[in-house]
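**Q** how would this look folded up:
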Amino acid sequence: MFPHELTDPRAFQIAMALLEGFNKHYRLFRAASASAKQRFEQADWRGQQRAQRERIEFYDLRVDEAVTLLEQRYQASALPTDVWQQVKLHYIGLLTNHRQPELAETFFNSVCTRLLHHSYFHNDFIFVRPAISTEYIENDEPAAQPTYRCYYPSHDTLRDTFMRIVWNFQLDLEFEDLARDIDCVLQAISHQLGNFRWRTNFQVQVLSSLFYRNKGAYIVGKIVNGFTETAFALPILHLEDTEQPGLLYIDAALFGEDDLLMLFSFARAYFLVDMEVPSAYVQFLRSLMPRKPRSEIYSALGLQKQGKNLFYRDFLNHLRHSSDKFRIAPGIKGMVMLVFDLPSYPFVFKVIKDFYPPQKDTTREQIQRKYLLVKQHDRVGRMADTLEYTRVAFPRHRFEDELVAELMHFCPSLIEESGDDLIIHHLYIERRMVPLNIYLQEASKAQLEHAVVEYGNAIKDLVAANIFPGDMLWKNFGVTRHGKVVFYDYDEIEYLTDCNFREVPAPRNEEDEMSGEVWYPVGKHDVFPETFGPFLLGHGEVREAFMAHHADLLEPAFWQTHKQRILAGHVHDVFPYDPHKRFRVQASEPTPQAPEPEHRELPIQ
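**A** Numbers count the residues shown, from 1 in each chain. Sure thing, here's the model as predicted:
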């Protein structure tokens, strides 16, 4: 129970110090997001990627600062329980008129869980549930812009309205031909909506900040016509490889929840968005994508710690309302990760083993660095985001005995039994997908061809992002519910530019030619693309589809060419939407498009 009186002066001081630490964090977070506009205008793509990467580290730095300050000033980890209860009450009071209260509560939790013993985690010291409502929070300062703008066009002014929508973002660059682009947008709207009846309250609602990621800036909004709402996004790109650099154009018009889900996919880098009231942005985006959990929207906006917090609350809620047991995940067991799942829950849980087979020359620290690399890198829609947790308490009775035995055997240093709980000291959580090797075993011919083409496209997208996946076996890729192939095994990934792609030397003699062993010298970072075939293409139909669309992946020249372009400073375009949606396709090397298979309902993912 909370005390009736706030009697300890340290409690208010600690609450103020915590809020000051959070406010500093969000001030720096917003500054990094707001400066994305200038980097976009300057075509500073490396700087944009660097900002995306560095912004992820901001949160932990501020938490570490707060922990250090509270320990030095107040010996906070040794304070009695009634003081911490008073700290929380003071903190709630300080958040009454705050514009990011949900983020501030999560910051409070992060600091407390660093300072206090895990036995406190289930009591009143932290925000197990939100204390401050985020409904209807707005920035009501006179000069502040609202979360979104409303436009009320008529039949005759719709074109002018979309011109004004673009102008209102005040990009400091000219468009190559904005009138032409808006005509393309209007044609796409007409095609999307068909012969609709124009209602009296027809309006266009547009979020007030652009969404920046990699080389693009996105206008995000919805068209409201009576009781019908249509989500849309307009990607703005730089005109490149022309005699008129520095010009912009609208590349496509994306419509509906499915297109937006691809844009905000868990397999893509986080957006840079300048938000005064993030909860209002999340609420608007959920109206566009009602199937997407709030946790994933927060993460997509770069607020991945808030995403983690909400995910864990949703997970605990699922545990309370389910009764099935955690089990060893189906499929081929990994050499460095022990993977388990809950059949009723669309995620998998991955724990790094304490020991590995001889062929896996790695350490726990190296594996954690690989996962951090993926978190900070441009995932180009082809690498699943991971949620990393420490000291997670699971109910022991929900675990199958076989799984507990595996955990105790392979990961004893990370497992602790405490009363009725099984505590895992470090784990990753990822979206569950159908492993590609299992999908191929059950696929029809059309599905198989689609999956093989998608597999090759996934590797080429990773190459474009300067990633060599290392272990390219089918089992390390998964198929999403949209039929997209995504990579999810990161313990052997390398930067493409760190690899040396070589041709297999000609045999010196007949003995070399007949040898089953590698007779030529192989360096640590040497890769021989010609040798991929025997491991990947044993199945006849798989080989036929692969060679028809992706034979170049078996040639060193393909990899060497992309490596040289990246080293020369080129940043590739990887579009988060189908190429056929583009209004104009600039000269570039086309990516094979996977043929559409007949409909197949995939398992929950």
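**Q** Pro343 - how many residues pack around it?
**A** 14 (other Cβ atoms under 10 Å). The way it works is simple: take the backbone N, C-alpha and C, and place the C-beta from them, glycine included.
**Q** Please give me every residue in contact with it.
**A** Counting by Cβ atoms under 8 Å, 6 or more residues apart in numbering, Pro343 makes contact with 324, 327.
**Q** same deal with Val185?
**A** Residues counted as contacts of Val185 (Cβ under 8 Å, 6+ apart) are 162, 234, 250, 253.
**Q** any idea how far it is from Leu178?
**A** Using Cβ to Cβ, to the nearest Å, Val185 is found at 10 Å from Leu178.
**Q** Touching both of those two, which residues are there?
**A** Counting by Cβ under 8 Å, 6+ apart, the shared contacts of Val185 and Leu178 are Ile250.
**Q** of the contacts of Val185, closest to Arg286?
**A** Checking the contacts of Val185 against Arg286 with Cβ to Cβ, the nearest one is Leu234 at 19.9 Å.
**Q** Starting from whichever strand or helix holds Arg62, tell me the next helix or strand along the chain.
**A** Using DSSP states H and E, Arg62 maps to helix 45-74. Under the assignment DSSP H and E, the closest C-terminal helix or strand after helix 45-74 is helix 81-94.
**Q** picking up where we left off before, so can I have JSON lines of the contacts of Val185 showing neighbour count?
**A** As requested, the contacts of Val185 are arranged in JSON lines below (neighbours: other Cβ atoms under 10 Å):
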{"residue": "Phe162", "neighbour count": "24"}
{"residue": "Leu234", "neighbour count": "24"}
{"residue": "Ile250", "neighbour count": "23"}
{"residue": "Ala253", "neighbour count": "24"}
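**Q** Just the ones of the residues you listed in strands?
**A** Assigned to strands by DSSP state E, the following of the contacts of Val185 qualify: 234, 250.
**Q** could I get the contacts of Val185 as a markdown table with pLDDT?
**A** Formatted as a markdown table, the contacts of Val185 follow (pLDDT from 0 to 100):
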| residue | pLDDT |
| --- | --- |
| Phe162 | 97 |
| Leu234 | 98 |
| Ile250 | 97 |
| Ala253 | 97 |
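**Q** List the contacts of Val67.
**A** Contacts of Val67 by Cβ under 8 Å, 6+ apart are 76, 111, 114-115.
**Q** neighbours of the nearest residue in space to it that is not next to it in sequence, just the number please.
**A** Closest residue to Val67 apart from its sequence neighbours, by Cβ to Cβ, 6 or more residues apart in numbering: Arg114 at 4.9 Å. Counted with other Cβ under 10 Å, residues neighbouring Arg114 total 18.
**Q** just Leu94 next, same as before
**A** The tally of other residues near Leu94 (other Cβ under 10 Å) stands at 18.
**Q** surely it meets Gln13?
**A** No - look at Leu94 against Gln13 with Cβ atoms under 8 Å: they stay out of range, at 11.7 Å.
**Q** send the alpha carbons of stretch 251-262 over as PDB?
**A** The C-alpha trace of stretch 251-262 is given here as PDB (Å, rounded to 0.1, in the frame of the first residue of the first chain):
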ATOM      1  CA  ASP A 251       7.700   8.200 -56.300                       C
ATOM      2  CA  ALA A 252       4.400   6.400 -55.600                       C
ATOM      3  CA  ALA A 253       1.100   6.500 -53.800                       C
ATOM      4  CA  LEU A 254       0.500   3.700 -51.200                       C
ATOM      5  CA  PHE A 255      -3.000   3.000 -50.000                       C
ATOM      6  CA  GLY A 256      -4.700   0.900 -47.400                       C
ATOM      7  CA  GLU A 257      -3.600  -1.000 -44.300                       C
ATOM      8  CA  ASP A 258      -1.500  -3.700 -46.200                       C
ATOM      9  CA  ASP A 259       0.700  -1.100 -47.900                       C
ATOM     10  CA  LEU A 260       1.200   0.800 -44.700                       C
ATOM     11  CA  LEU A 261       2.000  -2.400 -42.800                       C
ATOM     12  CA  MET A 262       4.800  -3.000 -45.300                       C
END
